[in-house]
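here is a sequence with its predicted model. Questions after.
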Amino acid sequence: MKPCEKCSCSNRANASSPLNIIDCEPIPCDTNCPVGYEYQISANQCCGTCVQTSCIIVLLNATYALKPGSIWTPAGNPCVKFECVKIANQFITIEAKTTCPLYDPNECIPGTETITPDGCCHVCIPKGEPCGVSTTPVYLESQGCHAKDLVNVTSCSGACGTFTFYSTKTSSLQHTCSCCQELATSERQVQLSCPDNTELTYTYTHIDTCGCLKTECSGPGHRELATTPPSVKSRRRRR
């Protein structure tokens, strides 16, 4: 009899001995594990066990598994992010919620309405707001690597002087436009955590100051929202 077999005495007689025949069958092992667990074989035991390998997130009667070091945003809910952290043998789920600023489209300069890069908040240039540096907290990511904390990404936003006047010299309407643009920038770096336990050095452009610069008018009521997206320079290293 093998150690991982279940045996019982049958009613059938053994032709070579006065004893009945012993029937043996392998002990069945349940290898099905719940979400967030994996079946692992245990040494010196017939059956393995389900071992937790991920954080477990339950939303609206649905269960999701999130690997340690990963950041996940549920579909249709860009203002919520979940991060899985493993400390010792404990899997800890961190939930971060973004609170959007007050938004009233009636108080916006027409044509400046937009959505933040993470898709969470509606923003715009309020009427009468001067050109300046604005910040948006986002989770930077690149090549599958994510920042552990929110990073304030900058942009230039605000109203600049734009007007139309009649020129007696040219006997026509003349347009004068200026655009809110960056005047000074600098490079900044942040470390991104990668699923393979490496870190990625992410370099992005930070806007220091903004101002109104003359630009070409493209048509009646021309207004422009200038933003400078981060430029990426990366260097990966083992943690």
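Arrived safely. Computed from a prediction, not measured in an experiment: that's the story for all the values here.

residues in contact with the nearest residue to Ala96 once chain neighbours are set aside?
Distances taken as Cβ to Cβ, 6 or more residues apart in numbering place Lys81 nearest to Ala96, at 4.8 Å, with adjacent residues excluded. Backbone N, C-alpha and C define where each C-beta goes, glycine included. Contact analysis of Lys81 by Cβ atoms under 8 Å, 6 or more residues apart in numbering lists 71-73, 95-96, 98, 139.

just the buried ones from those residues, in PyMOL syntax?
In PyMOL syntax, the buried subset of the contacts of Lys81 is picked out as below (16 or more other Cβ atoms under 10 Å):
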select buried, resi 71+72+73+98+139
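
Throw the contacts of Lys81 into a markdown table and include distance to Tyr202, thanks.
As requested, the contacts of Lys81 are exported to a markdown table (distance: Cβ to Cβ, whole Å):
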| residue | distance to Tyr202 |
| --- | --- |
| Ile71 | 14 |
| Trp72 | 19 |
| Thr73 | 19 |
| Glu95 | 24 |
| Ala96 | 19 |
| Thr98 | 20 |
| Tyr139 | 11 |
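
return the item of the contacts of Lys81 having minimum pLDDT.
On pLDDT alone, Tyr139 ranks lowest of the contacts of Lys81, at 83.

for the closest residue to that residue other than its chain neighbours, phi and psi?
Closest residue to Tyr139 apart from its sequence neighbours, by Cβ to Cβ, 6+ apart: Ala147 at 5.6 Å. For Ala147, the backbone dihedrals are phi -80, psi 140 (criterion: degrees, to the nearest 10).

domain map for this structure?
Domains of the chain are assigned by automatic domain parsing as 52-97, 105-238.

for Ala88, the count of nearby residues, please.
5 (other Cβ atoms under 10 Å).

kindly report the same for Gly48.
Neighbour count of Gly48, defined by other Cβ under 10 Å: 16.

tell me which of the contacts of Lys81 is nearest to Glu25?
Ranked by distance to Glu25 (Cβ to Cβ), the contacts of Lys81 are led by Trp72 at 43.4 Å.

wait, isn't the closest one in contact with Leu66?
Yes - using Cβ atoms under 8 Å, Trp72 is in contact with Leu66, at 5.3 Å.

next, the buried residues of the lengthiest strand in the chain.
Longest strand in the chain by number of residues (criterion: DSSP state E): strand 172-193. Applying a neighbour-count criterion of 16+ other Cβ under 10 Å, one finds 177-182, 192-193 buried in strand 172-193.

one step back: who touches both of Trp72 and Leu66?
Taking Cβ under 8 Å, 6+ apart as the contact rule, the neighbours common to Trp72 and Leu66 are 57, 82-83.

please report phi then psi for the residue nearest to His146 when sequence neighbours are not counted.
Nearest-residue entry for His146: Ile71, 4.5 Å, with adjacent residues in sequence omitted and distances by Cβ to Cβ, 6+ apart. Ile71 has phi and psi values of phi -120, psi 130 when expressed as degrees, to the nearest 10.

spit out the contact partners of Ile71.
Residues counted as contacts of Ile71 (Cβ under 8 Å, 6+ apart) are 81-83, 139, 141, 146.

farthest-apart pair in those residues, please.
Taking Cβ to Cβ, the two most distant members of the contacts of Ile71 are Phe82 and Glu141; they sit 14.2 Å apart.

give me the more crowded residue out of those two.
Neighbour totals were compared for Phe82 and Glu141, and Phe82 leads with 18 against 14 (other Cβ under 10 Å).

now the more buried one: which helix or strand?
Per DSSP states H and E: Phe82 is located in strand 80-87.

buried set for that strand?
By 16+ other Cβ under 10 Å, the buried positions in strand 80-87 come out as 81-84.

many thanks, I have nothing further to ask.
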